[in-house]
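Colleague: make a model of this:
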Amino acid sequence: MLYPTASISALKLDKDVALITDGRFSGATKGLSIGHVEPESAIGGLIGKVKDGEKIKIDLENKTIDLLISEDEIQKRLEEPKPELKKIDSKVLENYRSSIIKK
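Modeller: The predicted structure is shown next:
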């Protein structure tokens with residue numbers, strides 16, 4: 001994740017742009033970077049329902065991320081089918097998945 005965060009910083013956007021990803025970050029990251037969001041998305045959470053161009057609000061003090069769309073639209077999206085999860089051959093990854101996704 002060093003390349004995208006370095007690019008944001010080089011464009012002098014690191015005080016205005018946040019990077020949210022399912023990846024991890026090194027100690028060289030600058031600016032607001034939020035990683036490891038995949039589990040929330042994989043279980044059908046709202047982070048997986050964000051569409052290009054939509055605005056979000058990040059509240060660091062309260063540790064929340066909010067999608068700035070109507071409550072009706074949020075409910076509609078949360079009622080959509082959850083993503084189909086790929087088969088995992090690794091027992092370790094399968095155990096991790098089953099610890100966060102309750103069927």
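Colleague: which pLDDT value goes with the spatially most central residue of the chain?
Modeller: The centroid of the chain falls nearest to V37 when counting by CA atoms, centre = their mean (3.6 Å). pLDDT for V37: 76.
Colleague: give the contact list for it.
Modeller: Contacts for V37 (CB atoms under 8 Å, 6 or more residues apart in numbering) come out as I20, T21, D22, I47. All C-beta spots, glycine's among them, are computed from the backbone N, C-alpha and C.
Colleague: of these - the most surrounded one?
Modeller: Ranked by neighbour count under the definition other CB atoms under 10 Å, the contacts of V37 are headed by I47 with 18 neighbours.
Colleague: which positions in the helix or strand of the chain with the lowest mean pLDDT come out as buried?
Modeller: Least confident element among the helices and strands of the chain, by mean pLDDT, DSSP states H and E: helix 38-42 (a mean of 74). Neighbour-count burial for helix 38-42 flags S41, A42 (criterion: 16 or more other CB atoms under 10 Å).
Colleague: on that earlier part again, how close does the residue nearest to the centre of the chain get to I65?
Modeller: 8 Å (CB to CB, to the nearest Å).
Colleague: next, show the common contact partners of the two.
Modeller: Common neighbours of V37 and I65 (CB under 8 Å, 6+ apart) are I20, I47.
Colleague: tell me which stretches of this protein form helices.
Modeller: Counting by DSSP state H, one finds helices in the chain at the ranges 2-10, 38-42, 71-78, 91-100.
Colleague: mind putting those helices in CSV, distance to D52 included?
Modeller: Output for the helices of the chain, formatted as CSV (distance: least, CB to CB, whole Å):
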stretch, distance to D52
helix 2-10, 16
helix 38-42, 15
helix 71-78, 14
helix 91-100, 26
